[in-house]
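The following comprises the amino acid sequence and a computationally predicted model.
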Amino acid sequence: RIQFIYDNEYDDATLTSNPKTFRLEGKLGGADYVPLLEASLPLNRNEYVAHFLDFDNEVFYDHYRLVFLETYGDPAVYIAEVQLYGRAELELPVRYVKVGGTGKGTSWEDASGDLQAVIYKIGVNEVWVAEGNYITTMNGLRMKNGVAILGGFPNSGNPDLSNRDWELHPTILDGEGNRSVIYNWFFENDPLTASAVLDGFTITNGQNHTGGGIHNHYASPTLENLVIRLNKAYNSGAGIYNRYSSAILKNVSIRENESDYEGGGISNTESAIQLINTTISGNYAGSRGGGIHNDIGTNIATNIVISGNVSYQGSGIYNSNRSTLWLTNATVSGNRAEENSVIYNQEEDGQKPVMHIRNSIIYGNSDGINNLEDVKSNIYYSLVQGLMENIQSNIAEVDPNFEEMIDFNDAPFADGDYHLSPVSSVAINKGNA
């Protein structure tokens, strides 16, 4: 199957009416064109046209053209031969990319080196990307609905999914310090959905006003098995910036990113983000939200570690306006606020943020939660710094005995082991399903 995309801007003096029937012809190299099929498709003059055609032929020609056979006015008149504008491509569900590849991506042997072009090829469902360093171009790599971009393949041989290991075979997307690494700018009436998947990459060296690593605007991709590190934002969301987004993050490490203003690790505005099995550590924001910044929207964090982050206020988490945050099975430790609290809830224009904390430990930070009295009714089965009451099955503040807790004065850092000591921790088996 091939798709033709062309502008019907041929010579009006030659084409005197709208052609009704055409013949598709193809050729290889310097050979003559050979007929492939005839079809009826009205083509209006000076009109942009995109059309799918199916034909039984195993040869993939490198040139195609249309020969117009008749018109509405005089079906016996031969009109003209017109070279197609645009492209004609095979539809393959899997495409292949390697550093230095020069092919069309139809196999590992024919791997392409242009990741962006392969993502937008016709009919692709998965893009398999071999180990190596890939420089993103333009504004950054743009994802596509229905396409899973999978890193972590060995860069030699003929690997399949069973050989894929994103930690053993690091696959790096690099913004060169000049742009966002991933730039998903979409629109309300045509958003990016969870069917767009990025899995098995390191996102690094991005820099932008917002979203140095990943920028999502009306974009809600599925992001899995990623390391997002050493990115910068001049304003917000050095690691990730989400606006009008419902992105899903699973098994993601967001670390050592730096924002001049807010959201060193991640910034969410008017969004509903899910963070699952995620670590946010060693990030910095000059003003607020060293780890996480939330402004309007409901965000859910489950099985998350927020550690070693630094900012002026809300170094672990900064919630403002009408934001709601659900923390479940969370560890917040080693974060340092230069002023005010490690978790800071800012009322704006009479709108109070809301927090729900369950099965979580918040301990060993430079400070606790700024409005603890307001939020403590929403804390259950947790150990929270500053909370001295054994209410709602919580544990009054006491050292939970992590395996390796690092002093908050050493922040920013991305180290530490926040598993509970099986020998001495009072928090083991104190949660509730």
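Nice, thanks for sending it over.

quick one, helices of the stretch 301-433 of the chain?
According to DSSP state H, counting those that start in this stretch, the stretch 301-433 of the chain carries its helices in the segments 372-375.

Ok, the stretch 51-200 of the chain next?
In the stretch 51-200 of the chain, the helices defined using DSSP H, counting those that start in this stretch lie at 115-119.

So which residues of it form strands?
According to DSSP state E, counting those that start in this stretch, the stretch 51-200 of the chain carries its strands in the segments 63-71, 81-83, 94-97, 126-130, 132-135, 148-153, 171-174, 182-185, 197-204.

Mean neighbour count added to these, as CSV?
Quick note: C-beta positions are derived from backbone N, CA and C, even for glycine. Formatted as CSV, the strands of the stretch 51-200 of the chain follow (neighbours: other CB atoms under 10 Å):
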stretch, mean neighbour count
strand 63-71, 18
strand 81-83, 14
strand 94-97, 24
strand 126-130, 24
strand 132-135, 17
strand 148-153, 24
strand 171-174, 22
strand 182-185, 23
strand 197-204, 24
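
out of the ones you listed, which comes closest to Ser246?
strand 182-185 (12.4 Å; CB to CB).

what does the average pLDDT come to for that closest one?
In this model, strand 182-185 carries a mean pLDDT of 96.

Does anything pack onto that strand? Which helices or strands?
strand 214-217 (3 or more CB pairs under 8 Å, 6 or more residues apart in numbering; DSSP states H and E).

Helix or strand next in line after the strand it packs on, which one?
strand 222-229 (DSSP states H and E).

Could you check that next one and say which residues are buried?
222-229 (16 or more other CB atoms under 10 Å).

number of nearby residues for the closest residue to Gln207 other than its chain neighbours?
Excluding the flanking residues, the one nearest Gln207 by CB to CB, 6 or more residues apart in numbering is Lys232, at 4.5 Å. Residues contacting Lys232 under the criterion other CB atoms under 10 Å number 20.

which residues does Lys232 contact?
By CB atoms under 8 Å, 6 or more residues apart in numbering, the contact set of Lys232 is 177, 206-207, 212, 238, 257-259.

at 7 Å instead, please
207, 212, 238, 258 (CB atoms under 7 Å, 6 or more residues apart in numbering).

Which secondary structure state does the third one sit in?
This means Ala238. What DSSP: H, G, I helix; E, B strand; the rest coil gives for Ala238 is coil.

Counting neighbours, what do you get for it?
Around Ala238 there are 36 residues (other CB under 10 Å).

Distance of it relative to Ser259?
4 Å (CB to CB, to the nearest Å).

Name the nearest residue to Asn409, ignoring sequence neighbours.
Arg336 (6.8 Å).

my guess is that neighbour contacts Tyr312, does it?
No: here Arg336 does not reach Tyr312: they are 10.3 Å apart, not a contact under CB atoms under 7 Å.

and the two? which has more neighbours close in?
Set side by side, Arg336 and Tyr312 show more neighbours around Arg336, with 23 against 19, by other CB under 10 Å.

Tell me who's in contact with the more buried one.
So Arg336 contacts 310, 315, 366, 408-409, 411 (CB under 7 Å, 6+ apart).

mean confidence for stretch 367-380?
On average, stretch 367-380 scores 86.

send the alpha carbons of it over as CSV?
What follows is stretch 367-380 as a C-alpha-only set of coordinates in CSV (Å, rounded to 0.1, in the frame of the first residue of the first chain):
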residue,chain,number,x,y,z
ASP,A,367,11.2,21.4,56.9
GLY,A,368,7.8,19.8,56.6
ILE,A,369,4.4,20.9,55.2
ASN,A,370,3.6,24.6,55.5
ASN,A,371,-0.1,24.3,56.2
LEU,A,372,-0.1,21.0,58.0
GLU,A,373,-3.1,21.9,60.1
ASP,A,374,-5.2,22.4,57.0
VAL,A,375,-4.1,19.1,55.3
LYS,A,376,-3.7,16.7,58.2
SER,A,377,-7.3,15.5,57.9
ASN,A,378,-6.3,14.1,54.5
ILE,A,379,-3.3,12.1,55.8
TYR,A,380,-3.7,8.4,56.5
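
Now do stretch 200-220: distance from first to last residue.
End-to-end distance for stretch 200-220, by CA to CA, to the nearest Å: 17 Å.

got it, and stretch 274-294?
Note: stretch 274-294 ends 12 Å apart using CA to CA.

Tell me how far that stretch lies from the chain's centre.
Between the centre of stretch 274-294 and the centre of its chain there are 16 Å (CA atoms, centre = their mean, to the nearest Å).

just use 45 as the starting number from now, easier for me
Taking 45 as the first residue, the last one we looked at is stretch 318-338.

got CSV for the contacts of Lys276, with secondary structure too?
Shown next, in CSV, are the contacts of Lys276 (three-state DSSP):
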residue, secondary structure
Gln251, strand
Gly256, coil
Ala282, coil
Glu302, strand
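
which one of those residues sits closest to Asn312?
Ala282 (13.3 Å).

What about Thr342, how many residues nearby?
Counted with other CB under 10 Å, Thr342 comes out at 17.

Okay, now the unreliable bits of this protein?
45-66, 71-75, 83-135, 477 (pLDDT under 70).

mind redoing it with 80?
Residue ranges of the chain with pLDDT under 80: 45-136, 166, 384, 392-394, 417, 421, 432-434, 477.

where along the stretch 345-477 of the chain do the strands fall?
Going by DSSP E, counting those that start in this stretch, the stretch 345-477 of the chain shows strands at 354-355, 361-377, 380-381, 387-390, 398-402, 405-406, 423-424, 427-428, 446-448, 461-464.

picking that back up, quick check: phi and psi at the residue nearest to Gln251.
Lys276 adopts backbone torsions of phi -140, psi 140, taken as degrees, to the nearest 10.

want to try JSON lines for the strands of the stretch 95-244 of the chain, with distance to Thr322 as columns?
As requested, the strands of the stretch 95-244 of the chain are exported to JSON lines (distance: least, CB to CB, whole Å):
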{"stretch": "strand 107-115", "distance to Thr322": "47"}
{"stretch": "strand 125-127", "distance to Thr322": "51"}
{"stretch": "strand 138-141", "distance to Thr322": "26"}
{"stretch": "strand 170-174", "distance to Thr322": "22"}
{"stretch": "strand 176-179", "distance to Thr322": "23"}
{"stretch": "strand 192-197", "distance to Thr322": "18"}
{"stretch": "strand 215-218", "distance to Thr322": "18"}
{"stretch": "strand 226-229", "distance to Thr322": "17"}
{"stretch": "strand 241-248", "distance to Thr322": "14"}
